[in-house]
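Colleague: Here you go, sequence then predicted model.
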Amino acid sequence: MRTSSREGAMISAWILSVATVVAAAPDPSPDADRSAYETARARAGRDADSQVDLALWCEARGMSAEKARHLARAILLDPDHARARGLLGFVKHEGRWMRPDDVTRAVDESAESRALLAEYLERRAAAPDDADGQYKLALWCEEKGLTRPMVAHLRRVVQLAPGRDGAWRRLGYKKVGGRWVDPEAEAARTAAREAQEKSDKEWRPRLEKLRDSLTSRDKSRQAEAAADLAAISDPRAVPMLWQVFVKGGDERRQRVAIDVLSRIEAPSASAALAMIAVFSPHAPLRSDAASLLQNRDPREYAGLLAGLIRDEVKYKVKSIDGPGSRGELIVEGPEARVERRYTPAAPVALMPGDSIVRGEDGRTMVRRETGRIYSGPEMTSEQALALAGSSGAAYVPIFEGGAVQNTGIAAAAFSNSLPAPGSAGMAPLFQAAGLSADRSRDMAAGLVSSPQVAPTGVNSSDGYRYAPILRESLQFSLDQALADARASSLAAREQLAADVRSIEAHNAPIRETNERAVAVLKSASGRDLGDESDSWRAWAVDLEGYAYAQKSPTSAPATIVEEVPIAYQAQAVYTPVGNLAGFERRHSCFAAGTMVRTLRGPRAIETILPGDLVLTVDTTSGKLDYRPVVTAFHNPPNETFRIDLGRESIRPTGIHRLWKAGHGWVMARDVKPGDRLRTVGGVVEVAAVEKEPARPVFNLLVDGADDYCVGDSGLIAHDNSFVEPVARPFDLAKAP
């Protein structure tokens, strides 16, 4: 990159100042490190990136002077090298590289900047927190060139009113298929998908050839194939490994897959081993895969296995003792308690008012003219739809023309708020592991959400309750009615038993999957949390450093009583004297005082508002920048940790992430004395860590970044967004 003579003179002067400071600093490195440094320097490239890598190598070994020298050389080679500038504590402001304090001073010294900032703060304070108010403020920011505050207020607009197309357009989003998408994020997803597809096309024929070679009669060909498989370490090979070696359930091929996966260090390989550990039809292979998982990071598969655990349908049975004896199937769920009643015909007995007559065929007939009005059980459309998608087995009777028809058991398992790690596209993986096609589809659907059952005849929007109204007057054969009562009792018993078998058929694969998944999780966690899905999901989420929000019932589950029509066609002819009357349609976290680096200087975190520009670090490039706050979170009291940094202390909550130099994000509760944390322009060593009582805590969500800088030293701290895995820390010391 070319520079003007003036810029070159400025850079040279700056390098001279750095060199002067460096020359005054003692070099504590022993001779062995000095020799290693000379070797590393000789091997290092002469480009800016290589000089930064060498500087980080020096930093990791305590060679501060050499670190500064190579960072200065990187900037001489590339004056706009963001990583080098960031590691030296420089941020680009209005086209110039400056230290954050100088940026704040420049803003303060500019009358125009002060006036514009003052007007912005005044307008922000007066703007209503609604879509119109925030949109007007965003337009004003756009007019005044305050691009980053504009973004913050536009984001608030789409939070309040997702249908504001103008706000989405100004944010740079494009509408695709009826939804607004970030073109850059969409492009990244497309690129990742295309890269995997390309890799799949390369790996599939190669793996198929190796698979066939393993069964060749040529021993040398077998040995060569085995050696080639042993050399595979590419994570992108995992999908085709599954297709070629796991799919179909062949024991020998699955054993080969386990062996190859054991040498691939990637989350995808861990997930594949976890699936084999649960779904392989071969017990020895399940055991081998589970054993290999013990040497891997449980965060790579704990969420997947926890998502496989589903609650069984819990039930109780009261048996039928004979004609007229009511049986019950009671299903307990978190949303409702369903009492399903099976009442066979009662033994026929003559009643006052009955008439005994002789039929035309000579049989004894009973005429019972009751004039009784019968109202069947009622239900609402909302109850039916809610029940169909809730826990356990759901029974939804539908009344049509006065006849009760049952839709049967809706085998839906309760699904909570933890995002499951699968998708419908995983059905082939389950099937490859030996499950049937139907069970594979059910299992895959269960990972995404609970199956929804819409009962026939229910209109979700009419808001009515329905009940059939019957007026009866009957004549029947006494002997046949007695026989019908006995047959009805037998039919009711079989219906009750069939429904229990249906529940057990639903529970059996859940129980089998749960037992296998729980066994792996017990070994990984060293805990026994039983087979409750919520307990394991909470553990898996905590493993990632997040809080798991369990649903707490606001009230006791409602009791729903259902009368099950007995599936027996009475042989006695009941001659109706009455008639059908019709249907009745019835209406029915940092502690307060933590200083945050902002464009206006350090500000207490509890005073930060959306639109404020805070200092951030791009953890992929090391570039410093000012980005707008989108949301400021004021949270209830929580336990904090005091991290003593020598000249100051910070007080984050235990799961707040800080950037450990050369390592990446680390939770505050895992920080140890002696750890070196990255700051603006350097690192600081932790002196001590101690737990403190609960206090109100605060956090920020930053647009276009995932962190902000706190404390006098500018410690890099994660914001309130999701913590993405760090493939390679930007400040990792790499050997030349």
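Modeller: Received the coordinates, thanks.
Colleague: tell me the contacts of the nearest residue to A257 once chain neighbours are set aside?
Modeller: Nearest residue to A257, sequence neighbours excluded (C-beta to C-beta, 6 or more residues apart in numbering): F245, at 3.8 Å. To be clear about C-beta, it is placed using only N, CA and C from the backbone, and glycine gets the same treatment. Taking C-beta atoms under 8 Å, 6 or more residues apart in numbering as the criterion, F245 is in contact with L207, R211, R253, Q254, V256, A257, V260.
Colleague: Which secondary structure state does L609 sit in?
Modeller: coil (DSSP: H, G, I helix; E, B strand; the rest coil).
Colleague: per-residue pLDDT, it?
Modeller: pLDDT, L609: 95.
Colleague: Check G371 too.
Modeller: G371 is given a pLDDT of 65.
Colleague: again, but for V404
Modeller: So, for V404, pLDDT stands at 31.
Colleague: What ranges does the stretch 151-300 of the chain have for its strands?
Modeller: Along the stretch 151-300 of the chain, counting by DSSP state E, counting those that start in this stretch, strands occupy 174-176, 179-181.
Colleague: Parallel or antiparallel, which strands does the last one pair with?
Modeller: Strand 179-181 has these partner strands in its sheet, going by DSSP bridges: strand 174-176 (antiparallel).
Colleague: Name the stretch among the strands of the stretch 151-300 of the chain that sits most buried.
Modeller: Greatest average neighbour count among the strands of the stretch 151-300 of the chain goes to strand 179-181 (a mean of 14), per mean count of other C-beta atoms under 10 Å.
Colleague: can you list the domains in the chain?
Modeller: Here the domain parsing of the chain from automatic domain parsing is 5-79, 104-109+589-736, 110-181, 184-296, 314-415+450-550+560-586.
Colleague: Using TSV, lay out those domains together with distance to M98.
Modeller: Shown next, in TSV, are the domains of the chain (distance: least, C-beta to C-beta, whole Å):
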stretch	distance to M98
domain 5-79	12
domain 104-109+589-736	7
domain 110-181	13
domain 184-296	27
domain 314-415+450-550+560-586	34
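Colleague: mind checking which of those is nearest R96?
Modeller: Distance to R96, taken as C-beta to C-beta, is lowest for domain 104-109+589-736 among the domains of the chain, at 8.5 Å.
Colleague: Out of the contacts of F245, the closest to R189 would be?
Modeller: L207 (25.5 Å).
Colleague: Return the residues in contact with the residue lying closest to the closest one once chain neighbours are set aside.
Modeller: Spatially, and ignoring its direct neighbours in sequence, L207 is nearest to V244 (4.3 Å; C-beta to C-beta, 6+ apart). Residues in contact with V244 (C-beta under 8 Å, 6+ apart) are R204, L207, E208, R211, R253.
Colleague: Buried only: go through those residues for me.
Modeller: Neighbour counting with 16 or more other C-beta atoms under 10 Å marks R204, L207, R211, R253 as buried within these.
Colleague: Please flag which of those residues sit within helices.
Modeller: Under the assignment DSSP state H, the buried ones among the contacts of V244 contribute R204, L207, R211, R253 to helices.
Colleague: Low-confidence ranges, this structure, go.
Modeller: Scanning the chain with the threshold set as pLDDT under 70 gives 1-32, 353, 369-473, 547-554, 576-588, 722, 735-736.
Colleague: longest helix of it?
Modeller: helix 478-525.
Colleague: That helix: what's the following helix or strand?
Modeller: On the C-terminal side of helix 478-525, the nearest following helix or strand under DSSP states H and E is helix 533-543.
Colleague: quick one: the following helix or strand past that following helix to helix 478-525, angle?
Modeller: Scanning forward in sequence from helix 533-543 by DSSP H and E, the next helix or strand is strand 558-564. For strand 558-564 against helix 478-525, the angle by axes from the mean of the first three to the mean of the last three C-alpha atoms, to 10 degrees is 140 degrees.
Colleague: Could you spell out the sheet neighbours of strand 558-564, each with its direction?
Modeller: In the sheet, strand 558-564 lines up with strand 336-342 (parallel) (DSSP bridges).
Colleague: starting at the chain centroid, how far to the partner strand?
Modeller: Centre-to-centre, strand 336-342 and its host chain are 34 Å apart (C-alpha atoms, centre = their mean, to the nearest Å).
Colleague: cool, and stretch 672-683?
Modeller: 31 Å.
Colleague: mind listing what's buried in it?
Modeller: By neighbour count on 16+ other C-beta under 10 Å, the buried set for stretch 672-683 is D675, R676, L677, R678, T679, V680, G681, G682, V683.
Colleague: can I get these in JSON lines with secondary structure?
Modeller: Supplementary listing: the buried residues of stretch 672-683 in JSON lines, determined by three-state DSSP:
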{"residue": "D675", "secondary structure": "coil"}
{"residue": "R676", "secondary structure": "strand"}
{"residue": "L677", "secondary structure": "strand"}
{"residue": "R678", "secondary structure": "strand"}
{"residue": "T679", "secondary structure": "strand"}
{"residue": "V680", "secondary structure": "coil"}
{"residue": "G681", "secondary structure": "coil"}
{"residue": "G682", "secondary structure": "strand"}
{"residue": "V683", "secondary structure": "strand"}
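Colleague: which one among those gets closest to W97?
Modeller: Using C-beta to C-beta, those come closest to W97 at G681, 12.1 Å.
Colleague: Need the nearest residue in space to the closest one, chain neighbours excluded.
Modeller: Nearest non-adjacent residue to G681 (C-beta to C-beta, 6+ apart): G89, at 2.1 Å.
Colleague: Tell me if I'm right that the one you found and G682 touch.
Modeller: Yes. The criterion here is C-beta atoms under 8 Å, and G89 meets it with G682 at 6.8 Å.
Colleague: can you tell me the helix or strand for S113?
Modeller: Using DSSP H and E, S113 falls within helix 111-126.
Colleague: before we move on, back to that, look up how far L615 lies from the residue nearest to G681.
Modeller: 10 Å (C-beta to C-beta, to the nearest Å).
Colleague: Among the two, which residue is more densely surrounded?
Modeller: L615 (26 against 16; other C-beta atoms under 10 Å).
Colleague: wait, isn't the more buried one in contact with K92?
Modeller: No. Contact between L615 and K92 fails when scored by C-beta under 8 Å: they sit 11.7 Å apart.
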